[in-house]
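Engineer: below is the sequence, then the predicted model.
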Amino acid sequence: MNLLVHDLKLIYLSSFLFAVACPLLFFIPVLGEFLQHVVEIEIGMYESRGAFKTLENHDARQLFGVFKIIAISLPSYWYVRYLGYGNSPEAARRFDKLAVALWLVVMMFSVSTSLISVFSSELTSLLNLKLTTSAHILLVSNIVLGFLGFYLLGWTIAWPLGNASIGWITSARLMNGFVLWAIVYLILGVAPYMLVHYAFTIWAMGSSEEIVWFILSMDSMLVGLLGLNVIGAGYFAVLRAADTKGVNLLPPRTPELSQAI
């Protein structure tokens, strides 16, 4: 229990420290979320609860939703390196060719799986599926991908650090026995932020334009921290597994922190 409380404190504290230490990197996903909110306001999505439900699959919103997913996924390079190299802003900003190449593979996998949910209605029409059939397929795929994702956490953390030795099989072995830890870390690491996020959304519906802009600006900042907490929860779960099993998450030889961007 003490270790859980300790790691939860680090999950929340580290995201704030990163935002302060690397504000430009932090604001990229915040900007991605904010731009989607701008589109939502322009199409009248927050005029009422009915409008929100009607316009949630609007083409413009979905297009910017793709940009948002990419923007929110970008810190998976910066923030993992920040944590992995001892809360080092220099490591977060460093352009390591091998680490970037490995991370791009992880990011493409993450983004492509996220887009399945975003474009579920389009896939339903394309494949000429019944809505009930599509809903069942989406539910099953989300469960399978979510379950797989916990076993692949070691891979998603090690590769941005430049450690190519931890692949899918090695990651599954590493996380075996620690998936429950990862689930608990994720739930407790994001639940408070998610509750506030949903509260912001409900509050914005039907509010005056000035209030809507204020709420969604605050929500964009919140989502930036939430995204970091998701990564942080995964990192600390993997770190506990690695410490227990004697696995080094860093590459065999840590390069000097130069070529900072």
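Structural biologist: Nice, I can see it. Just so it is clear, the model here is predicted, and its values are computed rather than measured.

Engineer: any weak-confidence spans in the chain?
Structural biologist: Along the chain, segments meeting pLDDT under 70 span 117-139, 141, 253-261.

Engineer: roughly how far does the residue nearest the centre of it sit from residue 194?
Structural biologist: Centroid check for the chain by Cα atoms, centre = their mean gives residue 227 as the closest residue, at 4.4 Å. Separation of residue 227 from residue 194 (Cβ to Cβ, to the nearest Å): 12 Å. Heads up, the C-betas are built off the backbone N, CA and C, glycines and all.

Engineer: again with residue 156
Structural biologist: With Cβ to Cβ as the criterion, residue 156 and residue 194 are 21 Å apart.

Engineer: neighbour count: the two, which is higher?
Structural biologist: residue 156 (22 against 14; other Cβ atoms under 10 Å).

Engineer: tell me which element the more buried one is part of?
Structural biologist: helix 153-158 (DSSP states H and E).

Engineer: after that helix comes which helix or strand?
Structural biologist: helix 168-175.

Engineer: check which element follows that following helix along the chain.
Structural biologist: Criterion used, DSSP H and E; the element after helix 168-175 is helix 179-204.

Engineer: same for that next one, what does it pack against?
Structural biologist: Packed against helix 179-204 by the contact rule (3 or more Cβ pairs under 8 Å, 6 or more residues apart in numbering; DSSP states H and E) you find helix 2-21, helix 131-151, helix 209-245.

Engineer: could you list the buried residues of that helix?
Structural biologist: Residues 179, 181-182, 185-186, 188-190, 193, 200-201, 203-204 are the ones in helix 179-204 that count as buried (16 or more other Cβ atoms under 10 Å).

Engineer: of those, closest to residue 38?
Structural biologist: residue 204 (13.0 Å; Cβ to Cβ).

Engineer: which residues touch the closest one?
Structural biologist: By Cβ atoms under 8 Å, 6 or more residues apart in numbering, the residues touching residue 204 are 46, 211, 212, 215, 216, 219.

Engineer: TSV for those residues, including distance to residue 61 and neighbour count?
Structural biologist: Listed next are the contacts of residue 204 as TSV, based on distance: Cβ to Cβ, whole Å; neighbours: other Cβ atoms under 10 Å:
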residue	distance to residue 61	neighbour count
46	12	24
211	20	13
212	15	20
215	17	20
216	13	22
219	15	23
